[in-house]
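Chemist: let me see the structure of the following:
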Amino acid sequence: QSHSPQECALLHRLSAVSNRLGGPESVTLARMLVKAALIKAHDSERWMQLQNLCAPDGLEDDMADWGMLCLRISELGGECAALGGAQARLMLQRDASNGMGILARREAGDDPELRAGCLYGVCSMVNHACSPNVARFDDFDSPGEGNMRVKIRALSDMDQGTELRMNYLSILVGAEERQKRLLDEYGFKCECDRCHLELLFPDSESDDDEDDRKSKAAAAACARKGASSS
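Modeler: Next up is the predicted model:
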């Protein structure tokens, strides 16, 4: 998708100071803040959606100096100056806790590779579940309009009014790793039935194969429990 003249001007100014931002991760975050500043200035509905996303403290990325980033963004002038340092930091917090990864296309058998991230005002409101009832799908590599949309699809039949929940990680990630990553990356401790069940197993049994087996067994048990209670 093409950039507006305002975005092109701000990105041009950003490129002139990119070597002072501290690395590729910081440049990527700076470009996100430029987009956020433009949304605040020109699209009040989308800006309100972004304001509704949670912004927990304590998630600052070790690879980027948020304080320096907020200062540099404000110095770009125009819409970025109007965004301000405080709002820029809140956007970084929202991105850290609500951002969704975009994976590169891969051949069968290849490990998934993260190529970008995105924030969706509505989709990012879906909460986590280690045994999810929906999954996220995207189609960024298709040509034409609409390829930036994301789809949420049910994994099973649900009653009307059921809260939609997706797994923020891979469903095969073991309980101990899930607990650590959800706390470090999203700022909350998961206390769901699946985590409780998996953590009952002694650590002495948790080699990689055993973790996978336990994870799948616990996911299936929680899925059966959810089906029987619906």
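
Chemist: now do the strands in this protein.
Modeler: Taking DSSP state E, the strands of the chain run over residues 100-103, 114-118, 127-128, 134-138, 150-154, 165-166.

Chemist: ok, the second one: who's next to it in the sheet?
Modeler: According to DSSP bridges, strand 114-118 forms sheet pairs with strand 100-103 (antiparallel).

Chemist: quick one: mean pLDDT over the partner strand.
Modeler: Taken as a whole, strand 100-103 has a mean pLDDT of 77.

Chemist: please export the C-alpha coordinates of it as PDB.
Modeler: Only the C-alpha atoms of strand 100-103 are listed here, as PDB (Å, rounded to 0.1, in the frame of the first residue of the first chain):
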ATOM      1  CA  MET A 100       0.600  -9.600  16.500                       C
ATOM      2  CA  GLY A 101       3.400 -11.300  14.600                       C
ATOM      3  CA  ILE A 102       3.300 -11.700  10.900                       C
ATOM      4  CA  LEU A 103       5.200 -14.800   9.700                       C
END
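
Chemist: what does it contact?
Modeler: 112-120, 123-124, 136, 138, 140, 150 (CB atoms under 8 Å, 6 or more residues apart in numbering). C-beta here means a position set from N, CA and C on the backbone, and glycine is covered the same way.

Chemist: kindly recompute the last result at 10 Å.
Modeler: Strand 100-103 has contacts (CB atoms under 10 Å, 6 or more residues apart in numbering) with 112-120, 123-124, 126, 136, 138, 140-141, 148, 150, 166, 168.

Chemist: same list (the strands of the chain) but as JSON lines, adding mean neighbour count and distance to residue 7.
Modeler: Below are the strands of the chain laid out as JSON lines (neighbours: other CB atoms under 10 Å; distance: least, CB to CB, whole Å):
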{"stretch": "strand 100-103", "mean neighbour count": "14", "distance to residue 7": "19"}
{"stretch": "strand 114-118", "mean neighbour count": "13", "distance to residue 7": "16"}
{"stretch": "strand 127-128", "mean neighbour count": "14", "distance to residue 7": "32"}
{"stretch": "strand 134-138", "mean neighbour count": "15", "distance to residue 7": "22"}
{"stretch": "strand 150-154", "mean neighbour count": "12", "distance to residue 7": "22"}
{"stretch": "strand 165-166", "mean neighbour count": "17", "distance to residue 7": "30"}
